[in-house]
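Asker: when you get a sec, could you give me coordinates for this:
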Amino acid sequence: MRYSKNMNMLSEEENKSLRNFKVAVIGCGGLGGFIAEMLARLGIGNLICIDGDVFDESNLNRQLLSRESNLGKHKALIAHEHLSGVNSTIDISYKIEMLHEENAEETLMGYDLVFDAVDDIEVKLMLQGVCEKLEIPLIHGAIGGWYGQVSTILPGDRTLDKIYRGATGIESLLGNPSFTPATIASIQVAEGLKVLLGKGDILSKKVLHIDLLEHEYEVIEF
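Answerer: Just a heads-up that it's a prediction; the model follows:
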């Protein structure tokens with residue numbers, strides 16, 4: 001059975017229920033590639049990958065979906081092709097576009113969960129607002145060098161307003177190795193699964209900061 005290794009961690013009923021959810025991954029690069037693959041392997045029934053960018057050589061050091069053979073190709077298209085080979089039993093779609101105020105609401109309407117895998121703070125804040133309006137939980141992730149953070153943003157939490165108050169992105173200054181995106185993406189997917197199934201403690205009105213250099217893990221509550 002495809003999902004037999006999920007058993008005991010999840011019940012058979014919970015495994016089957018994953019086929020009923022619609023989940024959107026915004027960004028198919030460092031975080032998004034790992035997130036999308038893990039969701040497909042879990043068996044999320046309806047998955048959409050959204051990204052308007054193409055792969056370039058600088059992506060090869062860390063982005064799961066990046067290959068020398070697909071440089072210059074659209075990330076969302078490659079995500080669709082790759083995930084279709086991972087799990088052909090689920091509905092996988094894609095959009096080659098950047099989300100913005102004019103198209104985000106229409107694109108995300110009807111989804112049960114959205115994953116933030118973008119690196120632009122303004123886009124993150126926009127996603128928070130649109131998801132709040134549509135009453136969709138948003139799983140936030142951000143990375144830079146040895147560091148990363150995760151937060152589960154339920155409609156009305158407005159956690160990103162607190163995280164990014166007066167802040168600017170530091171990813172370009174710290175760089176990104178291969179392991180940080182994989183680590184943060186894994187935690188995002190775990191949070192998303194808990195939200196969908198109503199299990200465990202989630203990072204609502206909290207942010208988990210991770211320092212992989214010194215192995216420091218801190219949950220800050222707002």
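Asker: and the nearest residue to Leu174 once chain neighbours are set aside, how far is that from Ile90?
Answerer: Distance criterion CB to CB, 6 or more residues apart in numbering; nearest residue to Leu174, sequence neighbours excluded, is Gly145 at 3.1 Å. (Glycine included, C-beta is placed from N, CA and C.) Taking CB to CB, to the nearest Å as the measure, Gly145 falls 34 Å from Ile90.
Asker: quick check: pLDDT value at Ile170.
Answerer: Here, the pLDDT recorded for Ile170 equals 59.
Asker: go on, His82?
Answerer: 98.
Asker: in terms of helices and strands, where is it?
Answerer: For His82, the enclosing helix or strand under DSSP states H and E is helix 75-86.
Asker: neighbouring strands for the helix or strand following that helix, and are they parallel or not?
Answerer: Counting by DSSP H and E, the next helix or strand C-terminal to helix 75-86 is strand 91-95. According to DSSP bridges, strand 91-95 forms sheet pairs with strand 46-50 (parallel).
Asker: what about the partner strand, distance to the chain center?
Answerer: Put simply, strand 46-50 sits 11 Å off its chain's centre (CA atoms, centre = their mean, to the nearest Å).
Asker: so in the protein, where's the weakest helix or strand by average pLDDT?
Answerer: Lowest mean confidence among the helices and strands of the chain (mean pLDDT, DSSP states H and E): helix 171-174, at a mean of 69.
Asker: and the next helix or strand after it, what other elements does it pack with?
Answerer: Sequence order places helix 179-197 as the next helix or strand after helix 171-174, per DSSP H and E. On a contact count with 3 or more CB pairs under 8 Å, 6 or more residues apart in numbering; DSSP states H and E, helix 179-197 meets helix 12-17, helix 30-42, strand 113-116, strand 138-144, strand 147-153, strand 206-211.
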